[in-house]
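K.L.:
Model the following, please.
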Amino acid sequence: MALFRNRLVIVAATDEQIAIFQAKFTSPSTPKKLRARLPRNVAIGPVGALVWYELDLDDEKLWVHRRFFGEVNRMGRHASRESDVD
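P.N.:
Alright, predicted model coming up:
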């Protein structure tokens, strides 16, 4: 018998950084604690797959569901525009 534990995270991007929060299990949209802060120029995306996409952030593998692909791609486009300006 195998027991799998899903770790729910919230990835929030601002113009200066990307923050990864641990989400509450009972309320996945509520952050529990800050897990990592990354610079805004970290490469994200483009994502695309059938249903799930594996994303590596802060040496951790995160699985992104298809319904969030648009948001992840927007974060990635913003980061690439920022690096072009520098």
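
K.L.:
So Glu71: helix, strand or coil?
P.N.:
helix (DSSP: H, G, I helix; E, B strand; the rest coil).

K.L.:
burial count for it?
P.N.:
Using other Cβ atoms under 10 Å, the number of residues around Glu71 comes to 14. Placement of C-beta: from N, CA and C, glycine included.

K.L.:
tell me the pLDDT at the residue nearest to Gly76 when sequence neighbours are not counted?
P.N.:
The spatially closest residue to Gly76, leaving aside those adjacent along the chain, is Gly45, at 3.3 Å (Cβ to Cβ, 6 or more residues apart in numbering). Gly45 is assigned 71 on the pLDDT scale.

K.L.:
so Gly45 makes contact with Asn73?
P.N.:
Yes: in terms of Cβ atoms under 8 Å, Gly45 counts as a neighbour of Asn73; the distance is 4.9 Å.

K.L.:
neighbour-wise, which of these two wins?
P.N.:
Shown here are Gly45 and Asn73; by other Cβ under 10 Å, Gly45 has more neighbours (18 against 15).

K.L.:
So the residue nearest to Gly76 belongs to a helix, correct?
P.N.:
No: counting by three-state DSSP, Gly45 falls outside a helix, being coil.

K.L.:
Roughly how far does it sit from Arg35?
P.N.:
Using Cβ to Cβ, to the nearest Å, we find Gly45 at a distance of 20 Å from Arg35.

K.L.:
Strands of the protein, residue ranges please.
P.N.:
Ranges of strands within the chain are 9-13, 17-23, 31-39, 52-57, 60-65, based on DSSP state E.

K.L.:
Any chance of those in TSV with mean neighbour count as columns?
P.N.:
Listed next are the strands of the chain as TSV, based on neighbours: other Cβ atoms under 10 Å:
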stretch	mean neighbour count
strand 9-13	17
strand 17-23	17
strand 31-39	13
strand 52-57	14
strand 60-65	13
